[in-house]
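Participant: what's the 3D shape of this:
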Amino acid sequence: MENQNTKTYFSSKPIYGIAFHPDQNATPYQNSINIAISSMETSQSNLIEIISITNPDTTSEETHFSLLCDQQVKYPITKLEWSLSHPSILAASSDILRLYSFANGNQLNELVALEHTAPLTSLNWNPVNSSLIAVSSNDTTASVYDINLSKEILNIKGNNKECYDIAYSADGDSFFTCGGDGAIRMFDMRTNSKSTLIYESKNKECIMKLSVNQINDNFLSFTSLDSSEVNIIDRRNPNMSYKKMSYHKDNVNNCIWGPNTNCFVLSVGDDHCATLWDVQSEALLSFTADFEVENCAWGYVYDNWVGIAGEKCFMILKVE
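Facilitator: Numbering: from 1, shown residues only. Prediction:
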């Protein structure tokens with residue numbers, strides 16, 4: 001990840017949410033990448049923006065970001081994610097779960113708002129059944145909504161304290177949660193209430209973010225509150241650390257697997273660094289930004305592009 005392969009977009013608000021558009025058949029991807037970004041301000045004034053970068057592989061004046069549309073929202077957004085099966089639909093977790101339609105390439109319309117008992121901390125679309133979306137909540141619960149029915153079909157206790165993140169397995173049959181109790185649990189949707197404790201931190205440190213390897217979903221990555229480490233676990237060996245990777249000099253804010261790889265993890269932190277790990281060899285590439293990096297995402301179509309966000313900056317980096 002090198003400086004000459006970076007492009008930066010500046011927003012009017014601090015950026016947190018990132019979601020690369022997943023439509024692999026869209027002709028605009030021949031020359032552009034579309035991305036949803038969102039703010040996370042504690043004030044009741046937030047924003048979703050759909051932006052596009054044209055000719056991302058060039059360094060000429062033809063390369064630039066453009067704002068396709070934006071949407072004012074009241075509460076901070078904790079996660080953005082496009083539907084893989086219906087790529088015009090964007091989900092956002094906030095005070096409740098909202099779905100938006102990105103229409104005609106220049107308009108974002110709210111489709112439905114699904115109520116919840118407490119603010120939502122994260123979400124994840126089911127990778128197999130496009131009508132299902134899972135959410136985690138501050139009230140310790142994990143829920144699954146059926147979008148076709150516009151209702152909650154499953155609500156279970158995800159963690160003993162706040163449930164901070166949620167992610168499906170590659171087959172869509174299970175999902176994982178992490179939370180303030182320092183635990184990672186796996187829930188089998190076929191048995192509804194049955195859960196398996198995958199990992200529990202010795203000192204009950206809050207586990208803030210987790211990501212599931214979509215090529216081999218035995219492996220998960222996670223990061224804990226106030227930790228500078230990236231942790232890898234193998235769910236076949238519960239409660240054991242598979243690998244700990246230390247490079248960051250300050251708190252790691254997120255760590256995610258590449259969508260089409262079983263060995264690369266991207267992590268970002270308060271030390272301004274975005275770091276790409278090869279889990280198999282522990283080799284790494286690192287990029288230093290001018291800001292504390294709060295969040296990151298991989299591109300779908302062009303998975304050699306990653307996005308990072310912090311302060312009022314969104315930046316895409318090419319992995320070479």
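Participant: For residue 65, list the residues it contacts.
Facilitator: In this structure, residue 65 makes contact with 7-9, 51-53, judged by CB atoms under 8 Å, 6 or more residues apart in numbering. (Glycine included, C-beta is placed from N, CA and C.)
Participant: Buried members of the residues you listed into PyMOL, please.
Facilitator: Listed next is the PyMOL selection for buried residues among those, using 16 or more other CB atoms under 10 Å:
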select buried, resi 7+9+51+52+53
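Participant: Now for the contacts of residue 65: which two are most distant?
Facilitator: Using CB to CB, these reach their maximum pairwise distance at 8 and 52, which is 14.3 Å.
Participant: Once you drop chain neighbours, what's closest to residue 89?
Facilitator: In space, and not counting its chain neighbours, residue 89 is closest to residue 83: 4.3 Å by CB to CB, 6 or more residues apart in numbering.
Participant: Could you say which helix or strand holds residue 271?
Facilitator: For residue 271, there is no host helix or strand (DSSP states H and E).
Participant: can you give me phi and psi for the closest residue in space to it that isn't next to it in sequence?
Facilitator: Excluding its sequence neighbours, the residue lying closest to residue 271 (CB to CB, 6+ apart) is residue 250, at 3.9 Å. As for residue 250, its main-chain torsions (degrees, to the nearest 10) stand at phi -150, psi -170.
Participant: Residue 250: what's it in contact with?
Facilitator: 228, 269-271.
Participant: Pass me the low-pLDDT residue ranges in the stretch 101-250 of the chain, would you?
Facilitator: Counting by pLDDT under 70, the stretch 101-250 of the chain contains low-confidence residues at 193.
Participant: go with 50
Facilitator: Applying pLDDT under 50 to the stretch 101-250 of the chain picks out no residues at all.
Participant: re the thing from before, for the contacts of residue 250, which one is nearest residue 172?
Facilitator: Closest to residue 172, out of all of the contacts of residue 250 and judged by CB to CB, is residue 269, at 30.6 Å.
Participant: Run a quick neighbour tally on the closest one.
Facilitator: 26 (other CB atoms under 10 Å).
Participant: Okay, and the beta partners of it?
Facilitator: Listed beta-bridge partners, residue 269: residue 252 (assigned using DSSP bridges).
Participant: pretty sure it is touching residue 228, no?
Facilitator: Yes. Residue 269 is within contact range of residue 228, at 6.9 Å (criterion: CB atoms under 8 Å).
Participant: shared neighbours of these two, anything?
Facilitator: With CB under 8 Å, 6+ apart, residue 269 and residue 228 have common neighbours 248-252.
Participant: most neighbours, which of these?
Facilitator: Within those, neighbour counts (other CB under 10 Å) peak at residue 252, which reaches 29 neighbours.
Participant: Which residues are in contact with that residue?
Facilitator: For residue 252, the contacting residues are 223, 227-230, 267-269, by CB under 8 Å, 6+ apart.
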